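**Q** only geometry, no sequence info:
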């Protein structure tokens with residue numbers, strides 16, 4: 001009789017734990033961690049222990065969730081304690097429950113705050129990716145990817161922002177009539193308004209924002225502590241605007257290449273718009289479609305090109321070819337790009353992508369690039385006139 005009653009008592013305790021387990025596992029961790037909830041679960045677990053049912057699967061699972069929620073409630077809980085509680089819950093097949101998934105986000109956030117952004121995979125050219133998730137920009141849906149060198153929004157529009165161009169990153173509140181979300185606000189250079197990317201997915205909101213802030217701070221700290229160094233390059237014969245003849249060039253930014261990070265110099269543009277045309281874009285449509293509307297592009301000299309020893313390729317910062325300078329233009333600009341390369345510097349400039357519409361489906365690219373004599377003068381490089389007179393400079 002007593003054995004029957006003990007088994008009945010144990011079965012009732014396990015059933016009560018099973019019901020509470022279903023409720024707790026299906027809820028957001030923060031919604032079932034109140035003192036009242038914690039006390040109620042502690043009572044159920046104590047009853048199960050007294051009934052000799054501690055080893056029952058449902059009781060062990062509920063006990064694991066209880067310890068996980070206790071860590072969540074602990075102010076200042078370190079990442080190691082959270083990771084231990086998370087590993088225990090996963091070992092009991094609780095990894096796919098709502099409570100554990102929301103706790104995973106809190107654990108990941110603690111890790112980022114303590115140890116900095118953690119790589120989840122590698123992107124092109126070996127760049128570390130720290131975060132990838134759904135986001136919204138100006139009511140357009142897409143995927144936001146935060147990397148060690150910047151972030152990219154891919155959706156109806158493609159936006160790529162390198163950290164080298166960013167003055168400040170912050171988490172801000174984004175409120176609509178129906179919802180409240182978090183947004184990453186990016187202040188680029190001298191732009192008056194910030195570019196915002198809204199994260200509506202609750203578990204990812206704080207994590208995505210924190211990763212973006214920490215990744216930018218990490219990039220800025222590395223740039224300040226170990227600025228890109230450049231060897232002296234050939235100097236021009238003119239006094240230059242803001243750079244006298246004989247000056248040593250230093251990098252404006254660092255770009256990732258398949259061979260590793262490379263310091264780069266922005267080649268001066270006219271500042272009046274995009275007028276420098278590129279040829280051969282029809283062969284590189286896939287690469288052009290992957291670009292944002294106004295990308296920074298790389299100018300790469302190709303003296304070993306079998307078709308033209310003066311060739312200058314227009315490339316993305318990932319070194320994907322987008323087109324080439326026309327032959328006559330390349331003959332004048334290549335000497336300047338090679339001088340920069342001799343000093344360990346890549347050449348980049350601003351561009352705009354055209355086409356991609358119903359009327360003109362193929363895409364092209366136009367550069368904002370000043371004439372070679374002006375570029376040489378501003379950068380303190382040597383320039384030798386070649387070919388016809390330079391139309392950019394009125395020569």
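**A** Sure, I can see it. None of these values were measured; they are calculated from a predicted model.
**Q** and residue 310, what is it in contact with?
**A** Residues counted as contacts of residue 310 (CB atoms under 8 Å, 6 or more residues apart in numbering) are 303, 327, 330-331, 334. (Glycine included, C-beta is placed from N, CA and C.)
**Q** can you do 6 Å?
**A** 330-331, 334 (CB atoms under 6 Å, 6 or more residues apart in numbering).
**Q** tally of neighbours for the nearest residue in space to it that is not next to it in sequence?
**A** Residue nearest to residue 310 in three dimensions, not counting chain neighbours: residue 331, with 4.3 Å by CB to CB, 6 or more residues apart in numbering. When neighbours are counted by other CB atoms under 10 Å, residue 331 registers 19.
**Q** what about residue 331, helix or strand, and which?
**A** helix 327-342 (DSSP states H and E).
**Q** so how far is that helix off the chain centroid?
**A** 32 Å (CA atoms, centre = their mean, to the nearest Å).
**Q** what's residue 289 sitting at in phi/psi?
**A** In terms of degrees, to the nearest 10, the main-chain angles of residue 289 are phi -70, psi -20.
**Q** that's a helix at residue 361, yeah?
**A** No - counting by DSSP: H, G, I helix; E, B strand; the rest coil, residue 361 is located in no helix; its state is coil.
**Q** who touches it in this structure?
**A** For residue 361, no contacting residues are found, by CB under 6 Å, 6+ apart.
**Q** residue 170 too?
**A** If you count contacts by CB under 6 Å, 6+ apart, residue 170 has them with residue 185.
**Q** mind checking how far it is from residue 253?
**A** For residue 170, the distance to residue 253 equals 22 Å [CB to CB, to the nearest Å].
**Q** can you tell me the centre-most residue of this structure?
**A** In the chain, the centroid-proximal residue (CA atoms, centre = their mean) is residue 146; its distance is 1.9 Å.
**Q** secondary structure element for it?
**A** With DSSP H and E as the test, residue 146 turns up in strand 140-147.
**Q** in its sheet, what does that strand sit against?
**A** Applying DSSP bridges, strand 140-147 is found paired with strand 128-137 (antiparallel), strand 150-155 (antiparallel).
**Q** let me know which of those is the nearest to residue 59.
**A** strand 128-137 (35.2 Å; CB to CB).
**Q** buried residues, the closest one. List them.
**A** Buried residues in strand 128-137, counted by 16 or more other CB atoms under 10 Å: 128-133, 135-137.
**Q** likewise for stretch 368-388?
**A** Within stretch 368-388, the residues scored as buried using 16+ other CB under 10 Å are 368-381, 383.
**Q** with stretch 327-343 instead?
**A** 329-341, 343.
**Q** now stretch 89-98, how far from the chain's geometric center?
**A** 29 Å.
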